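Trainee: when you get a sec, could you give me coordinates for this:
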Amino acid sequence: MRILRLELKRVLKARITWILLALALLLSVLLAWLPTTYCYSNYTDEAGNEVNLTGLASIAYEKQLQSEAGGMVTPERVREAVETYQRCLAAYGVTESYDLPEGIYEREILPIAPLLHGVKEAFADPDTGMAPTIMEIAPEEIDDYYNVCESRIAALMEMEQPDSQAARRKAVEMYGKVGKPFQVYPGMSSTVMDYQNIMGFLVLLFCVVIAAPVFSADYQSGADDILRCTRHGRTRLGAAKLLAALIISGTTFVVCAAVHILTSDSLFGWECTRTSVQMLYSIVTLANLNVGEFQLLFAVAGLLSVLASVSFTLFLSARCRSTVASLACALVFSVAPVIISMAVPGALSTWLCSVLPASGTSIQASILYAMTDFQFLTLGGLAVWTPFAMIGASVIEIPLFSYLAVRSYCRHNA
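Mentor: Okay, the predicted model is just below:
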């Protein structure tokens, strides 16, 4: 324990460590607040003046306007919303809401808009995937709304996974376990989760920068030659160095994730966390979670990804002879999932992005986007949803790379 305390003090004494930790905390608050700046509303008041609202004022206005739409998304309520929409557009002789006269959408359609989410997607053509307009949907068909949604996931998986019956079967089975009817509480958008993902990625990069010199700095300075001559200068010291980096990185991510979630939920309203993820993303999203549970699961998965990335960085640090080499290699592997998701085609990209340590909090291929997508890793008759594969890979990589880091440090030759 004494060696571990000394290693924690040594890492925390570095000025760059405190700069990065303070920056991570500041960015957690900033990235929770930024989505509010994109909120905008306008309406005409009783005096005929146009009122423009932004930020928290816009959020409060729309939440008040849509308060009656909150609650259970039953087929009856969805049908009533569709009928209201169709009556409104028919009265003005238009087929799309953006053709309505100024102010009509805000007064008549916006209050019921949350209940219309996913209606067009649910009734999309099973062969082409083309969604109809709401005016083309017969209201009586909505009485069977959730059965239509289950048919939609089956048709969608036929297009997404045409070569894997196991993946199609698994997706239908997962969607069948999703709690219905859905719930919706207006006020929050998917942008909040996007910024949580950005926060996780930045914290991961900061933790990698802190961990990269843990072993290689002593190699470079020659201090390691002296430390190896001490009684506990190999396995015990190596384990202490590794644990210190993991504790600092894990604590940093937990604090930043907690600050981000608490801040964003306070800004948008805690009732929004009860919204089903299907009402925030695709109506056929496979995750059986509400927004609050989704945030927590994403935070836990992000923590595992950060710890796996730091473990891998420590392995690189134990293998490299200079801090520049270890930092460069670690940063390359940290951004690798972003590059792979854009440049590598098909199933190979899916496999690589599912097993790389940094994938859980990557910008393009994180667990957030995997949980709102329909990708499966398939091998013969086996199909694994990519979020499960990412979490499983991180759980395996943390002890694996930790062991390899300590082993490499013990076997290092000056």
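
Trainee: quick one: the strands in the stretch 51-200 of the chain?
Mentor: 71-73, 182-184 (DSSP state E, counting those that start in this stretch).

Trainee: for stretch 122-134, buried residues please.
Mentor: Using 16 or more other CB atoms under 10 Å as the burial criterion, the residues of stretch 122-134 that qualify are 122, 123, 124, 131, 134. Yep, even glycine has a C-beta here, placed from its N, CA and C like the rest.

Trainee: now stretch 188-206
Mentor: Neighbour-count burial for stretch 188-206 flags 188, 192-206 (criterion: 16+ other CB under 10 Å).

Trainee: among the buried residues of stretch 122-134, which one lies nearest to residue 83?
Mentor: Relative to residue 83, the closest of the buried residues of stretch 122-134 is residue 134; by CB to CB it sits at 10.1 Å.

Trainee: tell me the contacts of the closest one?
Mentor: Listed by CB atoms under 8 Å, 6 or more residues apart in numbering, the contact set of residue 134 reads 82, 85, 86, 116, 119, 120.

Trainee: from residue 298, how far out is the fifth one?
Mentor: When CB to CB, to the nearest Å is the yardstick, residue 119 and residue 298 sit 27 Å from each other.

Trainee: show me which of those two is the more surrounded one.
Mentor: residue 298 (24 against 21; other CB atoms under 10 Å).

Trainee: any idea of the pLDDT on the more buried one?
Mentor: In the predicted model, residue 298 carries a pLDDT score of 94.

Trainee: for the one 4 residues further on, same thing?
Mentor: As predicted, residue 302 sits at a pLDDT of 94.

Trainee: before we move on, what about residue 13?
Mentor: 83.

Trainee: could you count how many residues lie near it?
Mentor: 9.

Trainee: hmm, back to that, winner for burial among the strands of the stretch 51-200 of the chain?
Mentor: For the strands of the stretch 51-200 of the chain, the largest average neighbour count (mean count of other CB atoms under 10 Å) is found in strand 182-184, namely a mean of 21.

Trainee: ok, back up a step: narrow the contacts of residue 134 to those in helices?
Mentor: 82, 85, 86, 116, 119, 120 (DSSP state H).

Trainee: who touches the fifth one in this structure?
Mentor: So that's residue 119. 78, 82, 134, 137, 142, 283.

Trainee: what of the first one?
Mentor: If you count contacts by CB under 8 Å, 6+ apart, residue 82 has them with 116, 119, 134, 137, 139, 142.

Trainee: once you drop chain neighbours, what's closest to the fourth one?
Mentor: Setting aside the residues directly before and after it, residue 137 is nearest to residue 123 in space (CB to CB, 6 or more residues apart in numbering), at 5.3 Å.

Trainee: what distance do you get for that neighbour to residue 147?
Mentor: The gap separating residue 123 from residue 147 is 12 Å, by CB to CB.

Trainee: quick one: which of the ones in helices among the contacts of residue 134 is nearest to residue 268?
Mentor: Of all these, residue 116 has the smallest distance to residue 268: 20.3 Å, by CB to CB.

Trainee: list the contacts for the closest one?
Mentor: So residue 116 contacts 78, 81, 82, 85, 134 (CB under 8 Å, 6+ apart).

Trainee: nearest to residue 319 among those residues?
Mentor: Set against residue 319, the nearest of the contacts of residue 116 by CB to CB is residue 78 (57.6 Å).

Trainee: give the contact list for that closest one.
Mentor: Counting by CB under 8 Å, 6+ apart, residue 78 touches 115, 116, 119, 142, 145.

Trainee: if I read this right, residue 349 contacts residue 337, doesn't it?
Mentor: No - with contacts counted by CB atoms under 8 Å, residue 349 stays clear of residue 337, the gap being 9.2 Å.

Trainee: need the longest helix for this protein.
Mentor: Per DSSP H, the chain has its longest helix at helix 235-268.

Trainee: report the distance from the following helix or strand past that one to the chain centre.
Mentor: Per DSSP states H and E, the first helix or strand lying C-terminal to helix 235-268 is helix 291-319. Relative to its chain's centre, helix 291-319 lies at 13 Å (CA atoms, centre = their mean, to the nearest Å).

Trainee: any buried residues in helix 291-319, and which?
Mentor: In helix 291-319, counting by 16+ other CB under 10 Å, buried: 291-292, 294-295, 297-299, 301-319.

Trainee: same question for stretch 136-148.
Mentor: For stretch 136-148, burial by neighbour count (16+ other CB under 10 Å) applies to 137, 142, 145, 146, 148.

Trainee: the residue lying closest to residue 180 once chain neighbours are set aside and residue 182, how far apart?
Mentor: Leaving aside its chain neighbours, residue 180 sits nearest to residue 146 (5.0 Å; criterion: CB to CB, 6+ apart). Computed as CB to CB, the residue 146 to residue 182 distance reads 9 Å.

Trainee: how near is the residue most central in space within the chain to residue 257?
Mentor: Centroid-nearest residue in the chain: residue 368, 2.6 Å away (criterion: CA atoms, centre = their mean). Distance of residue 368 to residue 257, given as CB to CB: 13 Å.

Trainee: out of the contacts of residue 78, which comes closest to residue 42?
Mentor: Closest approach between the contacts of residue 78 and residue 42, by CB to CB: residue 116, at 20.3 Å.

Trainee: residue contacts, residue 60?
Mentor: Residues near residue 60 by CB under 8 Å, 6+ apart: none.

Trainee: ugh, wrong one, I meant residue 318
Mentor: Contacts of residue 318 (CB under 8 Å, 6+ apart): 215, 216, 238, 404, 405, 406, 408, 409, 412.

Trainee: quick check: closest non-adjacent residue to it.
Mentor: Of all residues beyond its chain neighbours, the one nearest residue 318 is residue 408 (3.9 Å), with distances taken as CB to CB, 6+ apart.

Trainee: A helix includes the one you found, no?
Mentor: Yes - the assignment for residue 408 (DSSP: H, G, I helix; E, B strand; the rest coil) places it in a helix.

Trainee: that one touches residue 315, doesn't it?
Mentor: Yes - if you go by CB under 8 Å, residue 408 and residue 315 touch, sitting 6.3 Å apart.
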